[in-house]
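Peer 1: Could you work out the structure for the sequence below:
(one chain, ligands or ions: 2)
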Amino acid sequence: MNETPVCRVAFIGSECYPFIKTGGLGDVMYALPRALIKQNCDVRVILPYYSCIPQKYREQTTDLGHFSMYLCQDGREFYVGVKQLDLDGVTYYFIDNEDFFSWGNPYTDLVQDIPKYCFFSKASLAVLNYLNWNPDIIHCHDWQAGLVPVYQKTLFSDTKIRHAKTIVTIHNLRFQGIYGAPHIQYWSGLPASVIYDYANLRHGERDANMFKGGLAYCDSITTVSNTYAEEIQTPFYGENLDSHLRYHSAKLSGIVNGIDVDIWNSSTDGLLAATYNADDVLEKKPINKRALQERLGLEQDDGKFLIGIVSRLTDQKGLDLINAIMPELMGGNIQIAVLGTGDPRYEDSFRYYEQAYKGSVCAYIQYNEELAHQMYAGCDALLIPSLFEPCGLTQLIAMRYGTVPIVRETGGLKDTVRPYDETINEGNGFTFDRYEAGLLLDAIRRANWLYENDHERWNQMILRDMYKDVSWENSAKQYLDLYQALRG
Ligand code: ADP
Ligand code: GLC
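Peer 2: Numbering: from 1, shown residues only. Ligands and ions are numbered 1, 2, ... in the order given. Below is the predicted model:
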């Protein structure tokens, strides 16, 4: 970075790879700051100092000091420790507090998470005031950082941090931090006029909504694809905030995610049985496929059509559609490999199918980074039939690894996977529109048909996918344009 950065940006969020990651938010909090640094931004990331952060990173932090902060309505004070870690040019500030961050992985339940993220949001601003660094932009991610803009424009309105512009990025509108208004009022210490105002936090008769408040108070709202930016303004996708978002639509826009192309690089990926690039993918992918079949206890057969699922196992991900068609899928040349954890009903149904179709189905019910890499490299196709998908990163990783995505046309899946068009032999994957099991089955059958019957076209699709630009470069430029427009 040059001496004078073009913009100073504080990222605030609840997870960030490699310290703590439960899904795509962790990837974005890692990769976007790096991409912005390449655009000469000074980006610093504020995170909770969870006790589940691996020891090797905890040991690398240095103490910057500590202070006490009022939080609750009754004036209770809490310890705020500030730690710093510099990793590959990005500065991370960790907020230390044993009461809030010593359990959970990192989330528990709302009874504990509401106080935790009230504390985190307020302490983030207090830390920015404490540091000798003034951001132009405070970029908040998801509901856990939702109260930051609210605090900034109320309890912090006469402190130095008031000059910064705030952005809230919606990674997933499903989670909003909704709880009884008195509970949120108590823990946040925010005035009743803010909590009980329908234009701000008030939600229904009894509740308050932390994300809703952030969306109202921030200077700009982004979400992680253009299609999701449109979708969330409709009742079906709006999670009861569609009218609030329509009201704020002038400050809402979509910027599609990318992936870190150094971490996700099949030519250097040390976790693979054989590394490869677009020149030798057709020779090397089968080596990865066989190694994966062996590791997962699937029949080792090059001719099988191996479909992977790498996912949180929640209803968001369209798993009901998969369950509905499993018996019809099985029996031919299809193999299914699932890597995921989540809702026990999905975990159990995949375990059941593994037993019922031994050698053709594997349910690997774990969170496992290493196996995820091997799945992206070894599978022929990756299945993502989501009910909704703000962006989705797994289809981007799959394409970069020459694995053909089969997706529902929603959110970022629609914006990033161009449907295969056999009349012109173009496209990146197989898609379907309405949330119907029959349409998913049809998309899988179309993919399977091409895989079996037209190797040339299938292989051309693999190459198109590998050459597709899924990096952060373009999107980081769009964020920078937004930062500069806000700063004026
Ligand atoms: P979401 O954020 O909704 O979970 P994304 O597609 O944006 O979905 O991101 C998911 C990220 O989490 C990807 O990096 C994916 O590889 C990773 N992931 C999901 N489940 C697992 C798992 N069981 N093991 C390892 N990585 C996983
Ligand atoms: C959320 C969304 C996912 C998105 C990720 C990163 O977890 O579910 O679609 O890719 O955030 O923005």
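
Peer 1: where's residue 186, which helix or strand?
Peer 2: Assignment of secondary structure by DSSP states H and E places residue 186 within helix 181-188.

Peer 1: pLDDT at the residue in the stretch 1-150 of the chain that ligand 2 sits nearest to, what is it?
Peer 2: Of all residues in the stretch 1-150 of the chain, residue 24 sits closest to ligand 2, with a separation of 2.8 Å (C-beta to the nearest ligand atom). All C-beta atoms are positioned from the backbone trio N, CA, C, and that covers glycine. Each residue has a pLDDT score; the one for residue 24 is 97.

Peer 1: okay, now the closest residue to it other than its chain neighbours: neighbour count?
Peer 2: Beyond its immediate neighbours in the sequence, the residue positioned closest to residue 24 (C-beta to C-beta, 6 or more residues apart in numbering) is residue 393, lying 4.6 Å away. Other residues within reach of residue 393 by the criterion other C-beta atoms under 10 Å amount to 25.

Peer 1: Isn't residue 393 up against residue 259?
Peer 2: Yes - under the contact definition of C-beta atoms under 8 Å, residue 393 touches residue 259, with a separation of 5.7 Å.

Peer 1: which residues do those two both contact?
Peer 2: Shared contacts of residue 393 and residue 259, defined by C-beta atoms under 8 Å, 6 or more residues apart in numbering, are found at residue 27.

Peer 1: report the angle between the axes of the lengthiest helix in the chain and helix 181-188?
Peer 2: When secondary structure is assigned using DSSP state H, the longest helix within the chain turns out to be helix 110-130. On the basis of axes from the mean of the first three to the mean of the last three C-alpha atoms, to 10 degrees, helix 110-130 is oriented at 30 degrees to helix 181-188.

Peer 1: Distance from helix 110-130 to the middle of the chain?
Peer 2: Here the centre of helix 110-130 is set off from its chain's centre by 21 Å, with C-alpha atoms, centre = their mean, to the nearest Å.

Peer 1: in it, what's buried?
Peer 2: Judged by neighbour count using 16 or more other C-beta atoms under 10 Å, the buried positions of helix 110-130 are 110, 113-128, 130.

Peer 1: And the next helix or strand past that helix?
Peer 2: With DSSP H and E setting the assignment, the helix or strand that follows helix 110-130 is strand 137-141.

Peer 1: Am I right that residue 169 falls within a strand?
Peer 2: Yes - Residue 169 forms part of a strand when assessed by DSSP: H, G, I helix; E, B strand; the rest coil.

Peer 1: List the beta-bridge partners for it.
Peer 2: Following DSSP bridges, residue 169 is listed with bridge partners residue 141, residue 222.

Peer 1: Give me the neighbour count for it.
Peer 2: Each residue near residue 169 was counted by other C-beta under 10 Å, and the total is 24.

Peer 1: I'd guessed it sits against residue 220; true?
Peer 2: No - if you go by C-beta under 8 Å, residue 169 and residue 220 don't touch, sitting 9.3 Å apart.

Peer 1: quick one, the strand ranked longest in the chain and helix 110-130 angle?
Peer 2: Looking across the chain with DSSP state E, the single longest strand is strand 77-87. Orientation note: strand 77-87 sits at an angle of 70 degrees relative to helix 110-130 (the same axes, to 10 degrees).

Peer 1: Name the residues of the next helix or strand after strand 77-87 that come out as buried.
Peer 2: Beyond strand 77-87 on the C-terminal side, the first helix or strand identified by DSSP H and E is strand 90-96. Residues of strand 90-96 classed as buried under the neighbour-count rule (16+ other C-beta under 10 Å) are 90-96.

Peer 1: buried stuff in stretch 230-243?
Peer 2: Using 16+ other C-beta under 10 Å as the burial criterion, the residues of stretch 230-243 that qualify are 231-233, 237-239, 241-242.

Peer 1: How far off centre is it?
Peer 2: Distance of stretch 230-243 from its chain centroid, counting by C-alpha atoms, centre = their mean, is 19 Å.

Peer 1: can you list the weak-confidence ranges in the chain?
Peer 2: Along the chain, the parts satisfying pLDDT under 70 run over 1-2.

Peer 1: Between the two ends of stretch 238-249, what distance do you get?
Peer 2: Using C-alpha to C-alpha, to the nearest Å, the end-to-end distance of stretch 238-249 comes to 13 Å.

Peer 1: What is the neighbour count of residue 51?
Peer 2: Residues within reach of residue 51, counting by other C-beta under 10 Å, total 15.

Peer 1: Give me the distance between residue 27 and ligand 1.
Peer 2: To ligand 1, residue 27 is 5 Å away according to C-beta to the nearest ligand atom, to the nearest Å.

Peer 1: hang on, that residue packs against residue 264?
Peer 2: No - counting by C-beta under 8 Å, residue 27 sits too far from residue 264 to count as a contact (9.3 Å).

Peer 1: Return the distance of residue 285 relative to residue 176.
Peer 2: Computed as C-beta to C-beta, to the nearest Å, the residue 285 to residue 176 distance reads 41 Å.

Peer 1: Dump stretch 6-24 to PDB, restricted to CA.
Peer 2: Extracted as PDB, the C-alpha positions of stretch 6-24 are listed here (Å, rounded to 0.1, in the frame of the first residue of the first chain):
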ATOM      1  CA  VAL A   6      -7.400   6.200  -0.700                       C
ATOM      2  CA  CYS A   7      -9.800   5.300   2.000                       C
ATOM      3  CA  ARG A   8      -9.800   4.000   5.600                       C
ATOM      4  CA  VAL A   9     -12.300   1.300   6.300                       C
ATOM      5  CA  ALA A  10     -13.200  -0.500   9.600                       C
ATOM      6  CA  PHE A  11     -14.800  -3.900   9.000                       C
ATOM      7  CA  ILE A  12     -17.000  -5.100  11.800                       C
ATOM      8  CA  GLY A  13     -18.400  -8.600  11.900                       C
ATOM      9  CA  SER A  14     -18.800 -11.700  14.000                       C
ATOM     10  CA  GLU A  15     -16.600 -14.200  12.000                       C
ATOM     11  CA  CYS A  16     -13.500 -14.200   9.800                       C
ATOM     12  CA  TYR A  17     -11.400 -16.900   8.400                       C
ATOM     13  CA  PRO A  18      -8.900 -18.200   9.500                       C
ATOM     14  CA  PHE A  19      -9.900 -17.300  13.100                       C
ATOM     15  CA  ILE A  20     -13.500 -18.300  13.100                       C
ATOM     16  CA  LYS A  21     -15.800 -19.400  10.300                       C
ATOM     17  CA  THR A  22     -19.200 -21.000  10.100                       C
ATOM     18  CA  GLY A  23     -20.100 -20.100   6.600                       C
ATOM     19  CA  GLY A  24     -19.500 -17.600   3.700                       C
END
